[in-house]
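In: Next input, structure requested:
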Amino acid sequence: MNCADTRNLIHAYADGELDLVRSLEVEQHLKSCAQCAAENNAIQSLRQALRQNDLTHRAPDSLQKEIRKLVRTDEPTRESERPRIGAQLWIWRLIAAGATAFAVLTIFARIGIPARDPLVDEAIASHIRSLQANHLTDVASSDQHTVKPWFNGKLDFAPTVRDFAANGYPLIGGRLDYLDGRTVAALVYQYKKHFINVFVWPATNSKDTAPVLENERGYSVINFEANGFHYCLVSDAEGKALNGLVGLMGQ
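Out: As a prediction, this is how the structure comes out:
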C-alpha cells in the first residue's frame, strides 16, 4: 500500500470502519511512512480533543427557551407571522454555523494543528494533475528563447524563463495552468528524477518576500515573491532541492 492509498483510507481507519485486512495494510504502511503516520496522529489528536468536556458549554435556560419558541413546529396563527419566523430561524442557523466554525478553529489551535494554506493544497493538486494526465508541458523545450515566446498572447504578463541545466536543474518546458483564481505560467524543471513545477503570476505585493517552505503529504512547496512576480515551486523532491532552484532564480 502506498501513500495515496493510505490517505484515501486513513479516516475510515481512524473511525474503525475498515475490515481486518485493510486495517493491517494501513497499519503496516504507517510503521514505514513518517508522513502518513504524522497525519494519522493529527487525526487521533483531533478525535481526543473533541471528547474533552471543557470544549462544550451548556446554553443558559433563557436561551434554550427562546430557541424552542423560534423552532416550534405549530403553524403561525396569522399569515403575517410567517416572514418574521422564517427570518428568525435563518438568523439562528447563521449563528449556529458561525459557532461551529469557531469551535473547529479553536480545537485546531489547541492541539497544535496549523490550518492548511489553500494555495499550497491547490498547487499540489495542480502538480499531481500534470503528472497523472501526462501533461507536464504545452511547449517541450530546454531553450528558454523557445519557451518564453510561447507564452506571448496567452497571458497578460511575460514570465522570466531561464535554463539551469549547468547547475543540475534543466528546463523541460512550460504550459498554462490555473492557480489562485487566475491563469498562470507553469515552468517545468527536472532535478535528478524529480519534476519541479514552478508556477508564476504577477505579485500582489510591491516588496519582495522571503521564500517559505512547507511540506504537505510528501510534497515540498515554496512560495515567494521577487521582481514583481509570485513564484510557487512544487515537487516531491526534498525541500533543499527546491531551495537550490530558488537560489538560482534569485541570481
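In: And for the residue nearest to residue 209 when sequence neighbours are not counted, the neighbour number?
Out: If the residues on either side of it in the chain are set aside, residue 209 comes closest to residue 225, at 4.5 Å by CB to CB, 6 or more residues apart in numbering. Backbone N, C-alpha and C define where each C-beta goes, glycine included. Neighbour count of residue 225, defined by other CB atoms under 10 Å: 19.
In: so residue 225 makes contact with residue 205?
Out: Yes: with contacts defined as CB atoms under 8 Å, residue 225 counts as touching residue 205 at a distance of 5.7 Å.
In: So which residues make contact with the helix or strand where the residue nearest to residue 209 lies?
Out: With elements taken from DSSP states H and E, the one containing residue 225 is strand 219-226. Strand 219-226 has contacts (CB atoms under 8 Å, 6 or more residues apart in numbering) with 119-120, 123-124, 127, 203-205, 207-215, 230-239, 241-243, 246, 249-250.
In: returning to that earlier point: any shared contact partners between residue 225 and residue 205?
Out: If you check residue 225 and residue 205 against CB under 8 Å, 6+ apart, no residue is contacted by both.
In: What segments of the stretch 51-200 of the chain are strands?
Out: Under the criterion DSSP state E, counting those that start in this stretch, strands of the stretch 51-200 of the chain are mapped to 139-140, 171-179, 182-191, 194-202.
In: Next, format the ones you listed as JSON lines and append distance to residue 146.
Out: Listed next are the strands of the stretch 51-200 of the chain as JSON lines, based on distance: least, CB to CB, whole Å:
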{"stretch": "strand 139-140", "distance to residue 146": "7"}
{"stretch": "strand 171-179", "distance to residue 146": "9"}
{"stretch": "strand 182-191", "distance to residue 146": "12"}
{"stretch": "strand 194-202", "distance to residue 146": "17"}
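In: Low-confidence stretches in the stretch 151-251 of the chain?
Out: Within the stretch 151-251 of the chain, the stretches with pLDDT under 70 are 251.
In: contacting residues around residue 243?
Out: When contacts are counted by CB under 8 Å, 6+ apart, residue 243 touches 211, 213, 222.
In: ok, now how distant is the closest residue in space to residue 131 that isn't next to it in sequence from residue 233?
Out: Distances taken as CB to CB, 6+ apart place residue 195 nearest to residue 131, at 6.9 Å, with adjacent residues excluded. According to CB to CB, to the nearest Å, residue 195 stands 11 Å off from residue 233.
In: ok, these two, which is more surrounded?
Out: Each of residue 195 and residue 233 has its neighbours counted (other CB under 10 Å); residue 233 has more, 28 against 17.
In: Thank you, goodbye.
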